[in-house]
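[1] got a sequence here, can you model it:
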Amino acid sequence: MTLKKLHVAIISSPGIGHLFPALLFGHRLVNHHNLRVTILAVTTNTSPAESKLFNPFTSNLHLSVIPIPAADISSVVAPDAKVLTRICVMMKETVPAIRTTISSMDPLPDVLVGDIFGAETWVIAKEFRMPKYVFITGNAWFTALFAYSPVLDKEVVGQFIDQVEPIEIPGCKPILPEELVDPMLDRDEESYQVHVDQSILVTLADGMLINTWEGLEPQTLHALRDNDIMRSMLKNKPVYTVGPIHKKYEPTGLKGEVVEWLDKQPANSVLYVSFGSGGTISAEQITELAWGLELSKQRFVWVVKSPNKHCVDGSFLNAGQPSGPVDFFPLGFLTRTQNVGLVVTCWAPQVEILNHISVGGFLTHCGWNSTIESIASGVPMIAWPLYAEQKMNATMLTEELKVAVRPEVLPTKKVVGREEVEKMVRGLMEGEEGKAMREKVKALKVGAEEATSMNGSSYISTCKFVQDCVSQIDQYSI
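    Numbering: from 1, shown residues only. The predicted structure follows:
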């Protein structure tokens with residue numbers, strides 16, 4: 001086994017939040033650890049950005065990307081089913097196509113890695129006698145909650161959201177009921193049981209790869225590895241820190257509209273505003289946010305999508321498409337802010353923007369990919385969580401790491417008014433609190449760089465994962 005190049009198959013579920021880290025992790029395994037990697041990307045074609053992601057990764061001899069169209073689940077799942085339910089069913093129904101693809105490979109993969117939804121493919125790993133590992137694209141705190149959910153399901157009586165006290169996780173920071181992941185907010189919803197079932201399935205893996213690093217979450221990582229209860233939940237399987245996995249800034253010399261505009265702005269003077277590839281907000285919230293940005297008199301780059309008409313949270317699989325900002329901005333907003341703001345529809349080069357010297361803050365939905373990119377760029381944040389585990393991420397950023405400020409009431413519960421927006425933006429960009437956060441996030445940036453450097457904690461942990469894969473392969477072949 002050690003004489004040939006180890007072949008790892010990474011299965012990614014739909015959505016840029018899962019696909020992009022899988023591509024980047026595969027790229028790192030090839031370039032830094034001398035592995036052969038095949039990415040099996042289950043795609044839905046609902047996001048135009050999905051297909052663009054493949055291009056930079058197709059030129060590597062030892063990295064292959066195979067798109068697999070997701071199975072049609074229209075006859076299996078109700079149209080109004082929650083995102084978690086839809087993705088889990090989609091992955092389960094796509095297993096036969098994934099199996100066919102894997103069985104046609106020559107040579108077969110030695111190891112199977114799947115994200116939390118890719119765990120549906122453990123049946124394939126069993127059939128082909130492969131070790132299986134789960135790749136958590138979120139952080140360790142989310143991992144702890146996810147793994148402990150089956151215990152909470154039995155111990156907590158009634159709705160989690162009605163609990164008076166914070167939700168306890170052994171060895172970890174407690175979680176306020178309103179900050180739990182979306183499926184746990186209503187136990188009567190089908191997606192809640194899907195969440196619990198999925199958490200049990202994930203813990204059957206031979207190990208966990210988490211997109212975090214030792215210096216960012218030492219308490220939680222200690223709990224996952226050394227707390228007796230948490231070790232039991234993970235069945236004493238190893239936990240590997242492999243983060244931060246993010247796209248690194250590489251100047252190309254080519255400048256688009258946004259970068260040319262940023263070049264003309266003073267250092268640390270621009271607030272970047274984006275709710276990610278899947279985040280949308282209501283028309284009323286867009287109006288209040290626009291007024292707040294204008295009243296703050298701060299420079300900004302705002303990536304805008306058409307508003308979500310039904311709710312204030314995001315839509316992971318079908319984010320709103322742009323219909324023209326004049327349709328939902330305050331009258332005259334673009335004219336009044338033309339000298340201090342730039343509005344971009346649908347998409348912007350986020351990593352390039354965050355690394356620009358003129359950018360001094362990021363108003364973000366707190367998706368883990370965006371959070372890592374902001375930390376890796378040394379940019380403090382305004383935390384504006386929308387869905388999934390983003391409320392937990394926002395809490396970590398504001399209370400524990402102290403590199404962000406957030407609204408007093410969750411944006412998913414109440415429209416954030418223009419006065420509060422103005423106050424947060426001014427505080428981040430001009431206030432003493434903003435300066436303190438900027439210093440803290442720069443220190444985290446250094447720690448992130450050290451973790452992935454040669455002999456850094458995440459590099460060493462990934463080396464251990466590769467070594468353990470070889471040992472597991474030998475055991476599975478007996």
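
[2] where does the stretch 351-478 of the chain dip in pLDDT?
    By pLDDT under 70, the low-scoring segments of the stretch 351-478 of the chain are 478.

[3] quick one: the strands in it?
    359-364, 381-383, 404-405 (DSSP state E, counting those that start in this stretch).

[4] any chance of the ones you listed in JSON lines, plus distance to residue 73 and mean neighbour count?
    Where C-beta positions appear, they are placed from N, C-alpha and C, glycine not excepted. Rendered in JSON lines, the data for the strands of the stretch 351-478 of the chain read as follows (distance: least, Cβ to Cβ, whole Å; neighbours: other Cβ atoms under 10 Å):
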{"stretch": "strand 359-364", "distance to residue 73": "31", "mean neighbour count": "26"}
{"stretch": "strand 381-383", "distance to residue 73": "33", "mean neighbour count": "26"}
{"stretch": "strand 404-405", "distance to residue 73": "36", "mean neighbour count": "26"}
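
[5] closest to residue 150 out of those?
    strand 381-383 (29.0 Å; Cβ to Cβ).

[6] which neighbouring elements make contact with that closest one?
    strand 359-364, strand 404-405, helix 418-429 (3 or more Cβ pairs under 8 Å, 6 or more residues apart in numbering; DSSP states H and E).

[7] make JSON lines out of the ones you listed and add distance to residue 124.
    Listed next are those as JSON lines, based on distance: least, Cβ to Cβ, whole Å:
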{"stretch": "strand 359-364", "distance to residue 124": "36"}
{"stretch": "strand 404-405", "distance to residue 124": "40"}
{"stretch": "helix 418-429", "distance to residue 124": "47"}
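
[8] just send the strands of the stretch 351-478 of the chain back as TSV, with distance to residue 18 too.
    Formatted as TSV, these follow (distance: least, Cβ to Cβ, whole Å):
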stretch	distance to residue 18
strand 359-364	18
strand 381-383	21
strand 404-405	23
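
[9] which among those is found nearest to residue 193?
    Of those, nearest to residue 193 by Cβ to Cβ is strand 381-383, at 29.7 Å.

[10] residue 121: neighbour count?
    25 (other Cβ atoms under 10 Å).

[11] okay, and the beta partners of the nearest residue to residue 340 once chain neighbours are set aside?
    Closest residue to residue 340 apart from its sequence neighbours, by Cβ to Cβ, 6 or more residues apart in numbering: residue 299 at 4.9 Å. On the basis of DSSP bridges, residue 299 is bridged to residue 270.

[12] tell me the contacts of residue 299?
    By Cβ atoms under 8 Å, 6 or more residues apart in numbering, the contact set of residue 299 is 265, 269, 270, 271, 340, 341, 358.

[13] what helix or strand is residue 40 on?
    strand 36-43 (DSSP states H and E).

[14] and that strand, which strands flank it?
    Going by DSSP bridges, the partners of strand 36-43 are strand 7-12 (parallel), strand 63-69 (parallel).

[15] of all those, which one is nearest residue 207?
    Here strand 7-12 is closest among these (Cβ to Cβ), at 12.7 Å.

[16] residue contacts, the closest residue to residue 222 other than its chain neighbours?
    Nearest residue to residue 222 in three dimensions, chain neighbours excluded: residue 171, at 6.7 Å (Cβ to Cβ, 6+ apart). The contact partners of residue 171, taken as Cβ under 8 Å, 6+ apart, are 144, 219, 220, 222, 223, 224, 226, 227, 229, 230.

[17] which strand residues bridge residue 69?
    With DSSP bridges as the rule, residue 69 is bridged to residue 43.

[18] can you tell me which residues contact it?
    42, 43, 45, 97.

[19] the same query, at a cut-off of 10 Å, please.
    Shown in contact with residue 69 (Cβ atoms under 10 Å, 6 or more residues apart in numbering): 42, 43, 44, 45, 94, 97.

[20] cool, and residue 109?
    6-10, 36-38, 40, 102, 124-125, 128, 130.

[21] report pLDDT for it.
    Note on residue 109: pLDDT of 96.

[22] mind telling me what element it is part of?
    Applying DSSP H and E, one finds residue 109 in no helix or strand.

[23] likewise residue 339?
    With DSSP H and E as the test, residue 339 turns up in no helix or strand.

[24] do the same with residue 342
    Going by DSSP H and E, residue 342 is in strand 341-345.

[25] about what we covered before: got JSON lines for the contacts of residue 299, with distance to residue 250 too?
    What follows is the contacts of residue 299, written out as JSON lines (distance: Cβ to Cβ, whole Å):
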{"residue": "265", "distance to residue 250": "22"}
{"residue": "269", "distance to residue 250": "24"}
{"residue": "270", "distance to residue 250": "21"}
{"residue": "271", "distance to residue 250": "24"}
{"residue": "340", "distance to residue 250": "29"}
{"residue": "341", "distance to residue 250": "27"}
{"residue": "358", "distance to residue 250": "19"}
